Structure formats: structure tokens, C-alpha cells
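Coordinates for the following, if possible.
(chains A and B)
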Number of protein chains: 2
Amino acid sequence: MLKFDYSIPTKIHFGKGRIQILARTIKQYGSRVLLTYGGGSIKKNGVYDKIVEILNNNDIPFFELGGIDPNPRLSSVKDGIKICKENNIDFVLAIGGGSVIDCSKIIAAGCYYENDPWDFFTGKARIKEALPIGTILTLAATGSEMNGNAVISNLETEEKLPTAGEVLKPKFSILDPSYTATVPVKQTAAGTVDIMSHAFEQYFSPTEGAFLQDRLAEAVIKTCIKYGPIAINNPEDYEARANLMWASSIALNGLLTYGKFTDWATHGIEHELSAIYDITHGIGLAILTPRWMEYVLDESTVDKFVEYGVNVWGIPMEENKFNTAKKAIEKTKEFFIQLGIPMTLQEVGINEERLEEMAEKATKFRPLGSFKRLKKDDVLQIFKASLK
Amino acid sequence: MLKFDYSIPTKIHFGKGRIQILARTIKQYGSRVLLTYGGGSIKKNGVYDKIVEILNNNDIPFFELGGIDPNPRLSSVKDGIKICKENNIDFVLAIGGGSVIDCSKIIAAGCYYENDPWDFFTGKARIKEALPIGTILTLAATGSEMNGNAVISNLETEEKLPTAGEVLKPKFSILDPSYTATVPVKQTAAGTVDIMSHAFEQYFSPTEGAFLQDRLAEAVIKTCIKYGPIAINNPEDYEARANLMWASSIALNGLLTYGKFTDWATHGIEHELSAIYDITHGIGLAILTPRWMEYVLDESTVDKFVEYGVNVWGIPMEENKFNTAKKAIEKTKEFFIQLGIPMTLQEVGINEERLEEMAEKATKFRPLGSFKRLKKDDVLQIFKASLK
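Numbers count the residues shown, from 1 in each chain, chains lettered A, B, ... in the order given. Here you go, the predicted model:
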């Protein structure tokens, strides 16, 4: 187990009806609010109206930035910063999933930075200060509600890049599973894959002896396997929505990472797809994950896949451990198919044309991954295996 | 899954050599330190000298309260409060295991309370304010390094009672697994049982559908089963010490409790033993736990024991589920025996004499437990089954 520093200061208010604590909790941190949200689903399901009512009843002035896209744009970040600066905003309240929350984090940080906020992503600037942020989660997927990470897409440069900062960790997040009951099947499936992929990226690690962390990761993966299909078949199943929602936060709040090297190659590869083709992140991850697993499976990695197969899928250990490993990978693929996800790049409209360019960009700064290091040609092979 | 509020603000600095961050971390919170510790093992293994050197080199004035006992006494709490008040202490640094940390927490709270700090335990007063606390952990067991709980023994009243407060959560804890390499076999075994027992108290719950939390609890239990024996056979095994140490914190920082009713009957019963006979808490838990399991096993609880047996011990599911459940309990008992723990009350010097009195006291305020509610006679039966 490696050295680590644990810091998860975000307070979580979990359960049906927890929105009641909103006004008094905001008042601990700010007085003038920027309300951020996405494409309008919160206006259909009543969440928006409820929040506006609470803010009005408690005399909390607020301004709005709606229409934040999945794969949130740098342009939305800039719009938000402008609103904040013009209106002396001192608190950002994000209502949505990871895209809205990520965008809100960079707005919060951008208020303390005079230049282009894209600098936070290219390494030109570091995030040291940010407005306090609160979130009201409406999609179980990215874990952004409980960490300091953000991923933003720059349409001009066709890049989708991550950044992080301790000050970006939300002060509080309200997790009401009933708010996710109206999430469509496709997004529920993609969110489930996203949670699982976060666990995979930390589970498949070259660090040995972080036993507890590996068992915690398996807990998250098993939760997705149990409740993903239930939430898809019965969207209003509270127990399923609650377990998926809490799993999304646990999967990426640091708990599975502490003490380990982590991989993140699959995410790095997927971000290229989302940056250019604007596909749903979780769908891209589902297509790539089994191909990544098949590609990195070798003598040095097989034991971890066996551990995964035995502990997560209950596959009996075979004499030839590669057989056990391959069955675990096959199970993973079958599960994604069961969730109804298109499992080839062709099905989501991506052909061979720009694969080489994306492989090049994915490995521009350094090789990807730590479980197995991937260079440009490795990434290209994984893309090609994912085509059909 | 029930509603919950998650708040784990303690920062953890984990790994070999992390003591390096001590001085600058203390300075974030205070300037005059009360150093608390136990029976002197830290003076033998060099930890004390190292800390004193760091404080001196960084011009941090400190005062000392040593000799804090296992099952820490109210009298030590009062001694500590006196030192703090006389010397304008503004930070408490606990070096030790749960006893030292628990004692330090009540010292920290007592500095803001004019009356008898025992009031915090009888319900006469609530803890609202406390000096900031930091801990340097030297025993993996209670989880006190990452929560707001404290248990204190009052020799005058022969009571051992718990209290808790958000302000008691340490600001930081330094977890260096190498500091536990010199923990004797008996304490290593008792600590391992204590961690497992904390997981059991939260796992065996009447709440259904907290699936993720149950898998997280299993992760902790499996970690103890794997590494307890390794740490006993090879005390300097860093991987074993690291996994046990982190498991101790995870087991009782709230993570396994959020969203569930929890039981805590076994702890309630054990505290009576420790209060009167001053036995090691983890030894008492080991003796009581299998007897508690056998006593509460019935038609309403059997499924949970089956889940435990299958998921934790890999016991095959039998047609008669009580057989599977009983095997799981037997496995638990065998494991404690493997750790070298005396498994009867007689062996630790406790006879029938005061069992009834202890059963009476354990249930004085209310029945114990939520998985199965226990009244005085139930507790007496468990005591009797534990005698030999």
C-alpha cells in the first residue's frame, strides 16, 4: 500500500426529501447564488420549481446559467464566469449530473482567475481558489458531487481534458435518489457503466497489497451489477436508485484510489471519442472497456483479472488462469449488452477515419495507463478492436 | 436505505514516515499542545522521542499527560483538563490507540465545560465545543482516529459509557503502519477482533437494501481475516499492518453505518465486562460475539447470517439455511481461536457471580440491539453461554 493523504470534506445529505436543508446550508457559505443546470429535464420533473421556490421563500437572490451540455463546453464556463463577476455571486449551486457539476466547478475557479480558464486544463495555471460550490445530484454517474475533479470540452481545439483542485470539492451535495427516477434508460445504463469504469480504473492497478481498497472497489462493482438492470427495468425502484447514487459518489471520492497507483487509460481513450464525436461518455466507456481488458491481458496482468472474475462474478477458478480471466471479460461485455448499450463504435457513428488522429492525441503528453502502459499504437489497436 | 448525513472531515496522512507533516499540520490549528499517551510503549519504540524532537525543533511548546490506561478513566480526563486550563493549551495531540484518543477527546471537550465531564456520558450535558485534536495512531482497533466517538470508564460507578460529538472528530490523524509493528500479539489479536466487531455491529442490521454498505462491511471483515493472522505471525509485515490500520479507520468512520440502523448490542454487553473486570475490550468482544450470533439466530435473522457465510467465508449455500448460518458462526469462532484468544469468560477470570448485575446494568436505559432487541434476560443468557 502506498502513502496517501485522505481528504473528503464534502458533506452529503442523502435521501428522499433532503432538499429541505438547502436554504440553511447555502447560507453557511454564501448569499448570492448562481444556479446552473442542463437541458431542462429538471424543469419537467419539478426539481427546478422546487428549488426556485425554496430560494425565493428564503430571500436568497439567484442568477441562472441553463443549457449546460453533456460533455460541457468551455464556452458555458466563460458564460458562467461572466454572470458571476457581473452580479457579485458568492456561491454556485449546480443542479444536475457530472457535466453540470464539472462546468460549475470551473466557473467557481474562473472567478478568481483573470485569464482563459482553459489554462487550468493545459497546465498553464493551477486552481488555488474557487467560490464555494453545492450540488443537487440528478444523475448517478461521475462522482463529481464528492470530489475535486472536472472535465471540460473545448470545441475549438477538439479537446476534452481533466483538471482537479482541493478547493473544487463541493461543500455539500444533496443526493435524493428519487430525483433520478426520471432518468431515461440510456442515461441510466451509461451512468451505471461510468460508475463501474471508475472502479475498474482504480482496481486494475500495478500496486499490490492494497487489499482493502480492492475489496471496496468490488463492493461498488457488485452494486452496479445488481442494481443497474433493476433501475433500467423499473426506473422508480428507490432501492436501486439509492444504491447506484451512493455507489457513484463512493466510486470516485478517493476511497478506492488512496494507497494505489491507478490506471485511467480507458477514460483517456474515451475522452478522445467524446471530444470529436460528442458521444455519451458512459457509452464510449462500455464499448472500450472489454477491448481494453482483452488488449492488456497478459502474463503480468492475468492474476488481477482472475481476482476480478472470482470475486465479482463468482466464476470458478480454472486450471488455466487465462480461461478464468477471459470469462470475466466476457461477463463484463455481456453485462453491458444486457444494459442495452450499443457495443461497437460503428453503431454510435464512428468509423475508421479519425482513429489514428485520436490515438495520437490521446498519447500526446505521455503514455496512458499504469496497469499496462499504452502508446499510440496500443490505443489504435484498441480503437480498431472496438469498431465492430 | 435510510436517509443519512455524511461528514468525515478528518484528514488522514497515511504511510511510513508521515510524521514529517506533524509540525506544520499542528500549526494550522494551535500553538500550545497537550501531548497524551499511555503506558510507555511509545517511549520504548522511539515514537515519543521522535515527536518530542519535532515539537522542540519547531518551537511548539507542549505539556504532557502520560499513563492513560486501556479502558481510560474519568480521572485521567480530569487530570488532562486541569493541565489544559492551567497552561492555556489550544491543541490536544493524542499518541496511542483508542483509549488515549478517546480520553483526549473528552479532555478537549471538558476544557469548554465547567462541570463534571461525566455529564457528557449520562446525558446531562451535550458536547458542543472542543479544542482541536490530532492523533498519531499506534494501534489498529477502535477507529477513534477518524470519528467523533469516545468511551470512558468511571471506576467510582463501575460504568463504561460512550458519547459522541461532531467537534470530537480529529482534525488530522497520522497513520504510520510501521508504528504498529511492535504491538504485542495479544493486542494485535484483540485489535483485529475489535475492527471485525465494528463491522459486525453495522452489518447485522434490520435495514434491508443497504446493499453497498453491506459489501463495504464485508470488505473490512475480509481484510481482518486475511491480515490478522499474518500480523500475528510476522509482526513487522508492513502490508498486513497497513491493511489492518486502514481497516480500523474505515470500519468506524461512519461509512458502514450511513443509511442503516445498526446493532451495537455486543459492544453494550462487553462494556459491562470491561467496566467491572477491566478486561481487554477486543478479548471480551471475541468471547461474546459467537455467543451473541448463536443467540440471535432465528427465522427472522437467518438470511443475514447466510449472506455473511457465503460472501465472507465462501461457505456453499445449503438447502437448510440454518446449517449455512451455523457454519458461518462456527467459522467466526474458529478464527478467533486461531488468533490465540481465550474464548471463555472463565479463562479471563470472570465467573457467574456478577453476571446478573451486569445484565441488569447493560439494559438499564433501554433494550440493547436493533437486529434483535435484547432485554436483561437475553443478555444474561449470552453471558452464561460465554462462561465456558
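
Does the nearest residue to residue A:42 once chain neighbours are set aside lie in a helix or a strand, and which?
Excluding its sequence neighbours, the residue lying closest to residue A:42 (C-beta to C-beta, 6 or more residues apart in numbering or on different chains) is residue A:48, at 4.3 Å. Every C-beta, even on glycine, is put in place using the N, C-alpha and C of the backbone. Here residue A:48 sits within helix A:47-57, counting by DSSP states H and E.

Give the other helices and strands that that helix contacts.
On a contact count with 3 or more C-beta pairs under 8 Å, 6 or more residues apart in numbering or on different chains; DSSP states H and E, helix A:47-57 meets helix A:22-27, strand A:33-36, helix A:41-44, strand A:91-96.

repeat that for 10 Å
The contact analysis (3 or more C-beta pairs under 10 Å, 6 or more residues apart in numbering or on different chains; DSSP states H and E) places helix A:47-57 against helix A:22-27, strand A:33-36, helix A:41-44, strand A:62-65, strand A:91-96, strand A:133-137.

among those, which is nearest residue B:233?
Minimum separation from residue B:233 across the helices and strands packed on helix A:47-57 (C-beta to C-beta) falls at strand A:133-137, 45.8 Å.

what's near enough to touch residue A:52?
Going by C-beta atoms under 10 Å, 6 or more residues apart in numbering or on different chains, residue A:52 touches A:35, A:43, A:62, A:64.

coming back round to it: okay, buried residues for the helix holding residue A:48 please.
For helix A:47-57, the buried set under the neighbour-count rule, 16 or more other C-beta atoms under 10 Å in any protein chain shown, comprises A:47-48, A:51, A:54-55.

pLDDT averaged over that helix, what's the number?
Here helix A:47-57 scores 97 as its mean pLDDT.

go on, stretch A:288-305?
Averaging pLDDT along stretch A:288-305 gives 98.

tell me what the top helix by length along chain A is packed against?
Ranked by residue count under DSSP state H, the longest helix found in chain A is helix A:211-233. Applying 3+ C-beta pairs under 10 Å, 6+ apart, we find helix A:211-233 packed against helix A:185-203, helix A:238-251, helix A:302-313, helix A:321-338, helix B:211-233, helix B:238-251.

Those helices: which one's closest to residue B:76?
Closest of these to residue B:76 is helix B:238-251, at 22.1 Å (criterion: C-beta to C-beta).

Give me the mean pLDDT for the closest one.
For helix B:238-251, mean pLDDT rounds to 98.

and it, how far from the chain's centre?
Remark: helix B:238-251 is offset 13 Å from the chain centroid, using C-alpha atoms, centre = their mean, to the nearest Å.

Restricting to C-alpha, output it in PDB.
Output in PDB follows, covering the C-alpha atoms of helix B:238-251 (Å, rounded to 0.1, in the frame of the first residue of the first chain):
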ATOM      1  CA  TYR B 238       4.100  -3.800   6.600                       C
ATOM      2  CA  GLU B 239       1.300  -4.800   4.200                       C
ATOM      3  CA  ALA B 240      -0.600  -6.600   7.000                       C
ATOM      4  CA  ARG B 241      -0.200  -3.700   9.400                       C
ATOM      5  CA  ALA B 242      -1.200  -1.200   6.700                       C
ATOM      6  CA  ASN B 243      -4.400  -3.100   5.700                       C
ATOM      7  CA  LEU B 244      -5.400  -3.600   9.400                       C
ATOM      8  CA  MET B 245      -4.700   0.100  10.200                       C
ATOM      9  CA  TRP B 246      -6.800   1.500   7.300                       C
ATOM     10  CA  ALA B 247      -9.500  -1.100   8.000                       C
ATOM     11  CA  SER B 248      -9.700   0.100  11.600                       C
ATOM     12  CA  SER B 249     -10.500   3.600  10.400                       C
ATOM     13  CA  ILE B 250     -12.900   2.600   7.600                       C
ATOM     14  CA  ALA B 251     -14.700   0.300  10.000                       C
END
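
Going toward the C-terminus from that helix, what's the next helix or strand?
helix B:265-277.

now for that next one, which elements pack on it?
Contacts defined by 3+ C-beta pairs under 10 Å, 6+ apart place helix B:265-277 against strand B:149-154, strand B:159-164, helix B:185-203, helix B:281-296, helix B:355-362, helix B:376-386.

Strand B:149-154 and that one, what's the angle between them?
30 degrees (axes from the mean of the first three to the mean of the last three C-alpha atoms, to 10 degrees).

what are the bridge partners for residue A:159, then?
Beta-bridge partners recorded for residue A:159 (DSSP bridges): residue A:154.

Let me know the distance separating it from residue A:252.
Relative to residue A:252, residue A:159 is positioned 21 Å away (C-beta to C-beta, to the nearest Å).

neighbour count winner among those two?
Applying other C-beta atoms under 10 Å in any protein chain shown to residue A:159 and residue A:252 shows that residue A:252 carries more neighbours, namely 27 against 19.

okay but that one is in contact with residue A:200, surely?
No - between residue A:252 and residue A:200 there is no contact, the gap being 11.6 Å when judged by C-beta atoms under 10 Å.

Give the residues shared as contacts by those two.
Joint contacts of residue A:252 and residue A:200 (C-beta under 10 Å, 6+ apart) are residue A:220.

which residues touch residue A:223?
Going by C-beta under 10 Å, 6+ apart, residue A:223 touches A:192, A:195-196, A:199, A:240, A:243-244, A:246-248, A:250-251, B:211-216.

rerun at 8 Å
Shown in contact with residue A:223 (C-beta atoms under 8 Å, 6 or more residues apart in numbering or on different chains): A:243-244, A:247, B:211-212, B:215.

In the residues you listed, find the pair that's most separated.
It's A:244 and B:215 that sit farthest apart of the contacts of residue A:223, by C-beta to C-beta, at 13.4 Å.

Looking only at neighbour counts, state which of these two leads.
Set residue A:244 next to residue B:215 and count neighbours by other C-beta under 10 Å: residue A:244 wins out with 28 against 22.

Correct me if wrong: the more buried one contacts residue A:226.
No - with contact defined as C-beta atoms under 8 Å, residue A:244 does not reach residue A:226; the gap is 9.5 Å.

Domain map for chain A?
According to automatic domain parsing, chain A is divided into the following domains: A:11-179, A:183-386.

measure the last one end to end?
Yep, that's domain A:183-386 we're talking about. End-to-end distance of domain A:183-386: 27 Å, with C-alpha to C-alpha, to the nearest Å as the criterion.
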